[in-house]
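Asks: Just the structure for this:
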Amino acid sequence: MKRLVLGFVMLAVSVVGLSAANLSAKFTDSIWNQKEVPKSEVCSNYNTKPGSTPSITLDNIPANTSAIVLAFSDESFKGMSDGGHGIISYKLGKNTTHVIIPSIPGETFDLPAKFSVVEKHRGGKYGKTEGAYLAPCSGGKGHVYSVLIKAVDDAGKTLGSTRLTLGIF
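Replies: A predicted model of the protein is given here:
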């Protein structure tokens, strides 16, 4: 009986693991190549206007996902490496398995429908304009930027996740 229960538990864990591992993401716009951050999409300190988030296509979204949480980070700078460039949420309809999350502008709290701020960007303490999202802003020092993408249920439990590298700036 113990083997049967253990076998069932192992099967359940592997199925949950497969669900989480199958969340797939890619950039919708080819200007995001995961190598270099597009010059048009950096912060207003290094551009004529604030950069925007990339549009992201998600597939294999786990069942019971109610929102996608996007945590933008500068992996090369400890103060901004854990969602320091902003954490936003995108509300999904019931039973959504595929979605294109549209791009949103940086350095503002004026977000389109379905978006909400989980945590504003922390660049304000470095003299940057406040807002929900801060585009890459290292000034071309070779920092690596990424977005952690999580599928969450109504209780905030993570059902699946993946990470995309935005590029180097």
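
Asks: With only the CA atoms kept, save the host helix or strand of residue 164 in PDB.
Replies: Assigned by DSSP states H and E, residue 164 belongs to strand 158-168. Only the C-alpha atoms of strand 158-168 are listed here, as PDB (Å, rounded to 0.1, in the frame of the first residue of the first chain):
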ATOM      1  CA  THR A 158       2.200  30.100  -8.700                       C
ATOM      2  CA  LEU A 159       1.000  27.400 -11.200                       C
ATOM      3  CA  GLY A 160       3.900  27.800 -13.700                       C
ATOM      4  CA  SER A 161       6.700  30.100 -14.500                       C
ATOM      5  CA  THR A 162       9.400  30.900 -17.000                       C
ATOM      6  CA  ARG A 163      12.100  33.600 -17.500                       C
ATOM      7  CA  LEU A 164      13.000  35.500 -20.600                       C
ATOM      8  CA  THR A 165      16.200  37.500 -21.100                       C
ATOM      9  CA  LEU A 166      15.400  41.000 -22.400                       C
ATOM     10  CA  GLY A 167      19.000  41.600 -23.400                       C
ATOM     11  CA  ILE A 168      22.100  43.500 -22.500                       C
END
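
Asks: tell me which strands and helices that strand is in contact with?
Replies: Where contact means 3 or more Cβ pairs under 8 Å, 6 or more residues apart in numbering; DSSP states H and E, strand 158-168 is packed against helix 2-21, strand 24-27, strand 144-152. Just so you know, the C-beta spots here come from the backbone N, C-alpha and C atoms, and that holds for glycine as well.

Asks: tell me which residues form a beta bridge with the residue sitting nearest the centre point of the chain?
Replies: The chain has residue 70 as the residue nearest its centroid, 2.6 Å off, counting by Cα atoms, centre = their mean. Beta-bridge partners recorded for residue 70 (DSSP bridges): residue 88, residue 149.

Asks: Figure out the length between the terminal residues of stretch 94-108.
Replies: Using Cα to Cα, to the nearest Å, one end of stretch 94-108 lies 28 Å from the other.

Asks: Need the pLDDT of the residue nearest to the centre of the chain.
Replies: pLDDT, residue 70: 98.

Asks: Confirm for me that it is in contact with residue 147.
Replies: Yes - Residue 70 is within contact range of residue 147, at 5.4 Å (criterion: Cβ atoms under 8 Å).
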